[in-house]
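Student: sequence and predicted structure below; questions after.
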Amino acid sequence: MPRKRKHCQRAGPPQLAAVTAAGAPVMARAGSRCRIQLARRTRSPDYFPFSFLPVDCQLHVFSFLSEVEKCTAALVCEAWSKLIRTPRLWRVADFMRLGAFQSGMDLVLVSAREFERWKEWVHQYAYHLTSRSASLIVLRASFDLGDQKTKWADFLSRFLDSVHCGELQELELNWTLTHLEPPDFYPPGICSMTRVSLIKMDQISNFQTLLEKFIQRSPKLTRMKLPFDWSAYSVAMLTQFQQLHTLELKYFWSFKGVCPEIMQDLTKALPNLKTLILHVLVPVKDLGISYSLESRSLEYLDVSQSRGLVFCHLDLPSLRVLRIKKTVRGIILNRRTRLALQRRWSCLYSLLRSGTPNLRVFNNQVLLPHWREQTYKELNALLLQSCYCVQHSDTWLL
């Protein structure tokens, strides 16, 4: 028997001697597979050949990085450094991404030291973009263009001259305030009405100068969000942006009214406008004035943040969504005066029936298909919240 066992061990190959009972794995074959896989891993490269990709593909990958990540990637090697300097990788200039806007606030008073530190960052950020010949599609900024000390108007003008703005599509510009300001920005005695009026006039003048530059440098703007002075000259310049499809205008000054004809001319002159958001504050001196809106393309209208805005005519055949709210401003009038004013105002329901045939959503509520033929309980509740006519606003406050 020992000889027979010895003969079996000699007869078979060593790897087959590992065969045990039926159904058990063959360890020799498994080991062979492992050796083959290990050899394949050894022969394959342990890195992705990024440099073999076409340049356009490499730039597309880099486009997903943040600005800080791009700067870090530029330190990897000389080839990456050259790629990172490509102008089309720097498409966004966001001067509002630090400070108050991260917390959703428009204005924060900071110490003089913090303000100087932030101002230094602004200039370094602008140099960073201009040194890379940035080709912008988005610009966000908030600077008081009437500030004669810091001269933000000159800073923005020089910045626009130093970068490529021909493809700029989105502009968010608050030109009435600098969101980080030192506490002594308005010294005592400077806030007289005459002084404030002069500051406002400087702001308007610098804003119009900047708007002229955007007309020349950025004719392809499609989205704009900014305070607006509603002067005839500013409206004429705004209508030059014929590709605008989203426009949000905030009121500039509580004492600055809006001419009804100018508002009507603005909406009629923008053939591609789809979304319009208006923050209009009608002064008390203009109480009783009503406005007209006409647009063949407008689909979304939001005037819910406006105060005292009453419509007398609507011609919006493409409008699908409307947001509007009646704001009680606390103006106490006797019944005779109030009724005299309200009789001059048209009922909003009548205006919607005749001027918005495709309206589907009214103050976030989906309208029933027969809303134009007859009102119903939910629609009446919406009209009580939004219409200034006698039928829907029986109060001694306006």
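Tutor: Looks like it came in fine.
Student: all helices of the stretch 251-398 of the chain, in order?
Tutor: Under the criterion DSSP state H, counting those that start in this stretch, the stretch 251-398 of the chain carries helices at the ranges 260-268, 335-342, 348-355, 377-386.
Student: so which bits of the first one are buried?
Tutor: So that's helix 260-268. Within helix 260-268, the residues that count as buried by 16 or more other CB atoms under 10 Å are 260, 263-264, 266-268. Yep, even glycine has a C-beta here, placed from its N, CA and C like the rest.
Student: one more: the second one?
Tutor: Within helix 335-342, the residues that qualify as buried by neighbour count (16+ other CB under 10 Å) are 338, 341-342.
Student: if you average pLDDT over that helix, what comes out?
Tutor: Taken as a whole, helix 335-342 has a mean pLDDT of 72.
Student: now do the longest one
Tutor: Averaged across helix 377-386, the pLDDT comes to 92.
Student: how far off helix 348-355 does that helix point, in degrees?
Tutor: Note on geometry: by axes from the mean of the first three to the mean of the last three CA atoms, to 10 degrees, helix 377-386 and helix 348-355 are set 110 degrees apart in direction.
Student: who's in contact with helix 377-386?
Tutor: 324-326, 348-349, 362-363, 365, 367-368, 371, 375, 392-393 (CB atoms under 8 Å, 6 or more residues apart in numbering).
Student: now for those, which pair is the farthest apart?
Tutor: Leu368 and Ser393 (23.5 Å; CB to CB).
Student: low-confidence stretches in the stretch 151-300 of the chain?
Tutor: Under the criterion pLDDT under 70, the flagged ranges of the stretch 151-300 of the chain are 181-193, 254-255.
Student: ok, Phe50 - contacts?
Tutor: Taking CB under 8 Å, 6+ apart, one finds 58, 61 in contact with Phe50.
Student: how close does it sit to Phe62?
Tutor: Noted for Phe50: a distance of 10 Å to Phe62, by CB to CB, to the nearest Å.
Student: Lys250 too?
Tutor: From Lys250 to Phe62 the distance is 36 Å (CB to CB).
Student: now the helices for the stretch 101-250 of the chain?
Tutor: Using DSSP H, counting those that start in this stretch, the helices of the stretch 101-250 of the chain run over residues 112-131, 152-162, 193-217, 232-238.
Student: which of those helices has the highest mean neighbour count?
Tutor: Greatest average neighbour count among the helices of the stretch 101-250 of the chain goes to helix 152-162 (a mean of 18), per mean count of other CB atoms under 10 Å.
Student: now do that helix and helix 112-131, the angle between them.
Tutor: Using the same axes, to 10 degrees: helix 152-162 against helix 112-131 is 20 degrees.
Student: helix 152-162 - contacts with which helices or strands?
Tutor: Counting by 3 or more CB pairs under 8 Å, 6 or more residues apart in numbering; DSSP states H and E, the packing neighbours recorded for helix 152-162 are helix 112-131, helix 193-217.
Student: adding distance to Leu383, write those out as a markdown table.
Tutor: Formatted as a markdown table, the helices and strands packed on helix 152-162 follow (distance: least, CB to CB, whole Å):
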| stretch | distance to Leu383 |
| --- | --- |
| helix 112-131 | 47 |
| helix 193-217 | 37 |
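Student: which among these is found nearest to Val55?
Tutor: The nearest among the helices and strands packed on helix 152-162, by CB to CB, is helix 112-131 at 20.9 Å.
Student: what's the closest one packed up against?
Tutor: Counting contacts by 3+ CB pairs under 8 Å, 6+ apart, helix 112-131 is packed against strand 92-94, helix 152-162, strand 180-181.
Student: redo these as TSV? Include distance to Val235.
Tutor: As requested, the helices and strands packed on helix 112-131 are exported to TSV (distance: least, CB to CB, whole Å):
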stretch	distance to Val235
strand 92-94	26
helix 152-162	21
strand 180-181	30
